[in-house]
Structures are given as C-alpha cells and as structure tokens.
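Participant: Sequence first, then the predicted structure, then my questions.
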Amino acid sequence: MVRGVRRALIRTIRYFVLRPAALLGWLVGLVGVVALIVVATTFLPSIPVFANLRGNTAPTATEDYLKGNRDYNADLVWNSLDTDAQSRLTAQGGSRDGLQQQMDAAKQKGVQLAEMSYIGGKALPDGTSMQFYLVGIRQQAGSSSIDYQPYMFTLDRDGKIAKVQ
C-alpha cells in the first residue's frame, strides 16, 4: 500500500516537472476553484432562495432575555424588550423592579433555566422575525427533572422582542 502511494507520488511529481505548463494550469484551476468558493459564500446568502440554506445564529435580544431569566437579571430581560412591550407591561402594573422581585422569588423556590436551545428563526416580509427555542426548566434546585417548553419570540424590525409566547 505504502509502496503504491509512493510510486503514484513520484509519477505525479515527475509529470509536473517534465510538463511545467500542466502544473501552471493545475495551479490556475485550483486558484479559480478557491475564488469561486469565496464568491459563492459571499453572494449566495443575499439571494433569497439560498438565504435559507445558511445557518441561523440566535439574535442578541432573545439570548439576553433567556440569559436574564437564567441568571435572575431583570435588567437583561427588560432591555431585550422593545418599547411597546415595555409599555404594555407597565400598563398592566409591571416594572423592571417588579420583574426583579418575581425573579428573586423564583430563585428562592429553586426554579431555574437549565437548558436553552436555539431552534431557528424566520424573517417575515414586514421586517419582523419569529425566533424559536426549546427551554429546559428545573422546578426545584437539585432536581434532575427538567420540563421542556417551546418558546416563540416575535422580534420587531430593530431586533428587540415585541412578544413572547
């Protein structure tokens, strides 16, 4: 096996040494393929048909919302919401401080976000988007039981959370 590979390598080197034009042609072809790959990865995602093929990354607002819930940080949660969502919460008697009190109560009960998995998102024609997660919630500290719940976020055009379902 090694002897066959060695022979093939020697023949290939000898071929390119005796025919430099073939080596040059091969190198030009290789550079062309690399350039084509670079151009394709740069421009294909901007074509709508190919945009869905690229991997989605989780938006900052949804990540901050979930991290805020995981870390009991009301500021992260509150700042991830758009102004309309904040206004709706305020109109219902909610506030950033009230949210922190709810989180502190959940922390004392041992409720915690154990897992957060970003499933994906879909941009909508009006400039908003829908983002999907599967979240694992542990109801008691030290419990091995995790309750998995789907979360669906609607983001506004600025990438802030308009609605959580």
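Facilitator: Noted; the coordinates are in hand. Residues are numbered from 1 along each chain as shown.

Participant: List the residues that contact residue 164.
Facilitator: Residues near residue 164 by Cβ atoms under 8 Å, 6 or more residues apart in numbering: 65, 151, 152, 153, 154. For every residue, glycine as well, the C-beta is placed using N, CA and C.

Participant: Where does residue 134 sit: helix, strand or coil?
Facilitator: Classification of residue 134 by DSSP: H, G, I helix; E, B strand; the rest coil places it in strand.

Participant: just to revisit the earlier point, report the buried members of the contacts of residue 164.
Facilitator: 65, 151, 153, 154 (16 or more other Cβ atoms under 10 Å).

Participant: right, and the last one touches residue 127 too?
Facilitator: No. Using Cβ atoms under 8 Å, residue 154 makes no contact with residue 127, being 11.8 Å away.

Participant: sorry, back to before: need the buried ones among the contacts of residue 164 in CSV (columns: pLDDT and distance to residue 75).
Facilitator: Formatted as CSV, the buried ones among the contacts of residue 164 follow (pLDDT from 0 to 100; distance: Cβ to Cβ, whole Å):
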residue, pLDDT, distance to residue 75
65, 96, 11
151, 95, 20
153, 97, 18
154, 96, 22
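
Participant: Out of those residues, list just those in helices.
Facilitator: residue 65 (DSSP state H).

Participant: got the buried ones among the contacts of residue 164 as a markdown table, with distance to residue 32 columns?
Facilitator: Formatted as a markdown table, the entries for the buried ones among the contacts of residue 164 read as follows, by distance: Cβ to Cβ, whole Å:
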| residue | distance to residue 32 |
| --- | --- |
| 65 | 46 |
| 151 | 46 |
| 153 | 43 |
| 154 | 45 |
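
Participant: which ones among the buried ones among the contacts of residue 164 are found in strands?
Facilitator: 151, 153, 154 (DSSP state E).
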